[in-house]
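Engineer: build me a structure from this.
(2 chains)
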Number of protein chains: 2
Amino acid sequence: MDGRILIVDDVATNRIVFKVKLGAARYHPLMAASGMEGLRMARTERPDLILLDLMLPDLGGIDVLRSLRDDPVTRDIPVIVVSGSTALEDRLLALEAGADDVFVKPYDDDLLMARLRNLLRCRQALTDLTEGHEAAMLGMAEPAAAYRGPGHLALVTDRPDMALKLRRDLAPLMRDTISVLGHSNALADSDPAGGGPDIYVIDAETAGQPAAATDRALRLLSDLRSRSATRHAGICLLTGPAPQSEVKMGYDLGANAMLTTDMPVAEIVMRLRAVLRAKRQADQRRGQVQDGLRLAMIDPLTGLFNRRYANARLAEMAQSAGQNGRTLAVMVADIDRFKSVNDRFGHSAGDDVLVEIGQRLGSNLREQDLLARIGGEEFLIALPLTTLEEAQAVARRLCRQVEQRPVVLADGEALQITVSIGLALAEAGTRGWEPALVERLIGLADQALLASKRAGRNQVTLAARSAA
Amino acid sequence: MDGRILIVDDVATNRIVFKVKLGAARYHPLMAASGMEGLRMARTERPDLILLDLMLPDLGGIDVLRSLRDDPVTRDIPVIVVSGSTALEDRLLALEAGADDVFVKPYDDDLLMARLRNLLRCRQALTDLTEGHEAAMLGMAEPAAAYRGPGHLALVTDRPDMALKLRRDLAPLMRDTISVLGHSNALADSDPAGGGPDIYVIDAETAGQPAAATDRALRLLSDLRSRSATRHAGICLLTGPAPQSEVKMGYDLGANAMLTTDMPVAEIVMRLRAVLRAKRQADQRRGQVQDGLRLAMIDPLTGLFNRRYANARLAEMAQSAGQNGRTLAVMVADIDRFKSVNDRFGHSAGDDVLVEIGQRLGSNLREQDLLARIGGEEFLIALPLTTLEEAQAVARRLCRQVEQRPVVLADGEALQITVSIGLALAEAGTRGWEPALVERLIGLADQALLASKRAGRNQVTLAARSAA
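Structural biologist: Take a look at the predicted model:
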């Protein structure tokens, strides 16, 4: 079910008003009349968003918020607090407790709906790929270091006086670096390596020509969202007390907050903090999904690439070699008499040997070479842009590196280990490369490996034919 | 480097005009003066987008397009064709050859820049997570079936006469289903299971009140993009020959094409086809990334969950059991005398046994139970919401299911196999669950397993203490 919005409000009329509004917009409203009921429903129903009243009979709205944020099941559900109170203190508390936004009654209905779309869209972009496996999949990755150091805030404006005043007001209340950029420099300053600002605050109003300024601010927002260096930044729009109605479009264009120049400085600071917090959480989740994807290509024991990845990568390398008319060398290396290591010293000793040999092979290859563990004690090595002579020299060096000093086990036992290697070379010439070539190449290297084994091990054999 | 745009145009003045425009917008222009040079640079520089002139001295623009689309390295780079020709035939050819859009001179500069942002944003949303490993990572997953059946197109309009005429015009030229929806039904009709329309064509103009219609169309576009059921649909805006200037905003809100009522029907059809093609490619890539993520949790031999996933999932189950005050049963099952299977019949026979036993265990568990291969011949089983008596009954049933008929190897040899099981129960009571509990629980089950082995194998032992 799509667009399930939980309304937590003790006043029946309020719930009904929301229900009608949300229903008209084709959302599916769920309703809770108390804080406890709201918490329970949040946990069992897992709504897509929560509209939370601050004044509840049993549990205060702030306590509900804190409980939602403490529970892994509900932690990431966006919450909009709808408050009858105009007290600054209440807004600050709600933002601090983890509200994504606070709307004070009476508020602009269209703006609330725009914010709703905006938060739903942000959330889905992250949950899209993990399809209900979020927690377990993300749990598989190492928890990202919760870096909570100072951020970098950029004020983008062509009104330097306003910017300087705002910076003067904010600086004592924030640990973050605050820089001021002209509109035309905002894009130039973005750093693809990720060292750019965490948050952009874009001035959407210039005294005298507000419509043009709004237009320009929205375009810059879209522009920042379309560049890889800045697309995950937090972006806020800053307007005067009575913004142009077009500014609402900012939420649909991907703004993370709307600030007004008449907001108390403490509230601006708290809203910026909420944006920075959300940005860092999103960064962390993206990092965990990337880690999850990386796990799919790694052999857990040795940390080398696994067979699945090696096959796909080798196909890529072969295609690229074919296009450039270059050769590609492929080796299969196998640890000699590995079974006897396991039998005599146990599986744990065998594991130690695999890890150590993997490291020795890797430290003798170039960055662009591929090294993977493709079987129990079998490794695949691919060397792009390499001649036959070079490949043979590398293979012989690998044998020596394994042979020349023993592998020392955890208990101090020193084992003499050797590897046998089969080598095959693909010379593409001008012909195209097809997937079958990769398999043929590995097959040839495998046969050459067998020849090395038969000839007494600890040596390199070149495949009889090249796989052209 | 961010926002690298390759300009392929043989007229130096055109290249310079583009270079200035793109530079002013803080993109990084690259330039090629011929088709061959364009192809070469596309391959070596891998730009983020290509602006391609159709009239080139060496290779026609259409041939350049086809080559770009044939090469896996350049296949996914967005291409905007900029054509001096007003001939319909040229536009159709370009769209058919894989252009993402065609702009005919003289065109609206702002619209071109909006389209540029739009295409860059679409592309990055997909490449974001794979970080340069795209090809190999996606190659790891099974290639998605290239389903090219008819699509479902929804015309969203409150002008039924216009819709019926358009449908009449389109129907003979398209294999796709075409339905007509009123504006207020467009969201209601979305189907979260993914059976909804592939493409929405939103009428952005209503005779008499174009400004309000544009506004409503843009809001619907944003709304569709914020709902999980429709966020990946293709969305087109349909305007009259002279659209409101606000319509341009559609690209920044995520529209995939702009259609006008005065476009030749053949061109509308070709643009819709291009949108459908792009949508299906994006669906396919998302599916491949999801497959990649799934691979990270699967043991390749048995297809069961792996240890990494099992640990994370077990922590989740334990936490949930703790919150609901329910018990959780955990078993470790180990195949008896597995080493002798490998020694006597070879590794491949051992693999067959592992696969078969995994299947037998799995077919005797419920959907909500967890089954994983956590070691060579060791399986983990977790049963949520299960009493001690139930868990013991399940464990004994599993032993019987393994014991009662032999495992038949590929060569016809029949092996009598048994498993030993250790069982531990977590009774959370009212206390919280911490990660260490999961390890303790597995530890207890492991000890109980050892007791089963010592007592003669093929039996179930309950852990001495429960891990409360």
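
Engineer: any idea which element the residue in the stretch 301-450 of chain A that chain B sits nearest to lies in?
Structural biologist: Chain B sits closest to residue A:312 of the stretch 301-450 of chain A, with a gap of 3.2 Å, by C-beta to the nearest C-beta. Backbone N, C-alpha and C define where each C-beta goes, glycine included. Residue A:312 belongs to helix A:307-324 when assigned by DSSP states H and E.

Engineer: quick one: strands adjacent to the next helix or strand after that helix?
Structural biologist: Counting by DSSP H and E, the element after helix A:307-324 in chain order, helix or strand, is strand A:327-335. For strand A:327-335, the pairing partners within the sheet under DSSP bridges are strand A:378-384 (antiparallel), strand A:419-427 (antiparallel).

Engineer: want to throw those strands into a markdown table with mean pLDDT?
Structural biologist: Shown next, in a markdown table, are these (pLDDT from 0 to 100):
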| stretch | mean pLDDT |
| --- | --- |
| strand A:378-384 | 95 |
| strand A:419-427 | 92 |
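
Engineer: right, so of the ones you listed, which gets closest to residue B:106?
Structural biologist: strand A:378-384 (47.0 Å; C-beta to C-beta).

Engineer: any weak-confidence spans in chain A?
Structural biologist: A:1, A:129-148, A:189-194, A:207-208, A:428-435, A:465-468 (pLDDT under 70).

Engineer: domain parsing for it?
Structural biologist: Following automatic domain parsing, one finds the domains of chain A at A:1-131, A:133-297, A:307-462.

Engineer: could these be laid out in a markdown table, adding mean neighbour count?
Structural biologist: Rendered in a markdown table, the data for the domains of chain A read as follows (neighbours: other C-beta atoms under 10 Å in any protein chain shown):
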| stretch | mean neighbour count |
| --- | --- |
| domain A:1-131 | 18 |
| domain A:133-297 | 18 |
| domain A:307-462 | 18 |
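
Engineer: nearest to residue B:14, out of those domains?
Structural biologist: Of the domains of chain A, nearest to residue B:14 by C-beta to C-beta is domain A:133-297, at 23.5 Å.

Engineer: dump the domains of chain A into a markdown table; add distance to residue B:367 as well.
Structural biologist: Formatted as a markdown table, those follow (distance: least, C-beta to C-beta, whole Å):
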| stretch | distance to residue B:367 |
| --- | --- |
| domain A:1-131 | 16 |
| domain A:133-297 | 15 |
| domain A:307-462 | 27 |
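
Engineer: of all those, which lies closest to residue B:247?
Structural biologist: Proximity to residue B:247 (C-beta to C-beta) singles out domain A:133-297 among these, at 12.8 Å.

Engineer: quick one: distance of that closest one to the chain centre.
Structural biologist: Taking C-alpha atoms, centre = their mean, to the nearest Å, one finds domain A:133-297 lying 18 Å from the centre of the chain it belongs to.

Engineer: list the contacts for the residue lying closest to residue A:279 once chain neighbours are set aside?
Structural biologist: In space, and not counting its chain neighbours, residue A:279 is closest to residue A:234: 4.3 Å by C-beta to C-beta, 6 or more residues apart in numbering or on different chains. With contact set as C-beta atoms under 8 Å, 6 or more residues apart in numbering or on different chains, residue A:234 has these partners: A:198-200, A:256-257, A:275-276, A:278-279.

Engineer: next, give phi and psi for residue A:234.
Structural biologist: phi -80, psi 130 (degrees, to the nearest 10).

Engineer: could you report the separation of it from residue B:224?
Structural biologist: 25 Å (C-beta to C-beta, to the nearest Å).

Engineer: what do you get for residue A:324?
Structural biologist: In terms of C-beta to C-beta, residue A:324 sits 44 Å off from residue B:224.

Engineer: then residue A:182?
Structural biologist: Relative to residue B:224, residue A:182 is positioned 36 Å away (C-beta to C-beta).

Engineer: re earlier: for residue B:73, which of the strands paired with strand A:327-335 is the nearest?
Structural biologist: Smallest distance to residue B:73 across these (C-beta to C-beta): 14.8 Å, for strand A:378-384.

Engineer: do a quick rundown of the strands in the stretch 151-300 of chain A.
Structural biologist: Secondary structure of the stretch 151-300 of chain A (DSSP state E, counting those that start in this stretch): strands at A:152-156, A:177-181, A:199-203, A:234-239, A:257-260.

Engineer: angle of the longest one against strand A:152-156?
Structural biologist: Strand A:234-239 and strand A:152-156 meet at an angle of 30 degrees, taking axes from the mean of the first three to the mean of the last three C-alpha atoms, to 10 degrees as the criterion.

Engineer: name the strands paired with strand A:234-239 and say parallel or antiparallel.
Structural biologist: Sheet partners by DSSP bridges: for strand A:234-239, these are strand A:199-203 (parallel), strand A:257-260 (parallel).

Engineer: and the furthest pair within the contacts of residue A:234?
Structural biologist: Longest distance between any two of the contacts of residue A:234 is 14.3 Å, between A:200 and A:278; criterion C-beta to C-beta.

Engineer: roughly how far apart are the most centrally placed residue in chain A and residue A:127?
Structural biologist: By C-alpha atoms, centre = their mean, chain A has its centre lying nearest to residue A:286, at 1.9 Å. According to C-beta to C-beta, residue A:286 and residue A:127 sit 12 Å apart.

Engineer: what's the answer for residue A:230, then?
Structural biologist: 23 Å.

Engineer: could you do residue A:455 as well?
Structural biologist: Residue A:455 is 56 Å from residue A:127, by C-beta to C-beta.

Engineer: which bits of the stretch 251-400 of chain A sit near chain B?
Structural biologist: Contact residues (C-beta under 8 Å from any C-beta of the partner chain) of the stretch 251-400 of chain A with chain B: A:252-253, A:286, A:289-290, A:292-293, A:295-297, A:300, A:308-309, A:311-313, A:315-316, A:319-320, A:323, A:347, A:376.

Engineer: so what's residue A:273 up against?
Structural biologist: Listed by C-beta under 8 Å, 6+ apart, the contact set of residue A:273 reads A:95-96, A:174.

Engineer: likewise for residue A:397?
Structural biologist: Taking C-beta under 8 Å, 6+ apart, we find residue A:397 in contact with residue A:364.

Engineer: ditto for residue A:40
Structural biologist: Contacts of residue A:40 (C-beta under 8 Å, 6+ apart): residue A:32.

Engineer: again, but for residue A:304
Structural biologist: So, once contact is read as C-beta under 8 Å, 6+ apart, residue A:304 ends up touching A:298, A:358, A:362, A:371-373, A:379.

Engineer: for residue A:409, give me phi and psi.
Structural biologist: According to degrees, to the nearest 10, residue A:409 has phi -80, psi 170.

Engineer: and residue A:64, by the same measure?
Structural biologist: Residue A:64 has phi and psi values of phi -60, psi -50 when expressed as degrees, to the nearest 10.

Engineer: and it, what is it in contact with?
Structural biologist: Contacts of residue A:64 by C-beta under 8 Å, 6+ apart are A:8, A:35, A:38-39, A:52, A:56.

Engineer: what's the answer for residue A:29, then?
Structural biologist: By C-beta under 8 Å, 6+ apart, the contact set of residue A:29 is A:5-7, A:18-19, A:22-23.

Engineer: how about 7 Å then?
Structural biologist: Each residue near residue A:29 by C-beta atoms under 7 Å, 6 or more residues apart in numbering or on different chains is listed here: A:5, A:7, A:18-19, A:22-23.

Engineer: how about those, which pair is most distant?
Structural biologist: Maximum pairwise distance in the contacts of residue A:29, criterion C-beta to C-beta, is 11.2 Å, between A:7 and A:23.

Engineer: select the longest helix from chain A.
Structural biologist: helix A:265-295 (DSSP state H).

Engineer: so it versus strand A:234-239, what angle?
Structural biologist: With the same axes, to 10 degrees defining the directions, helix A:265-295 sits at 150 degrees from strand A:234-239.
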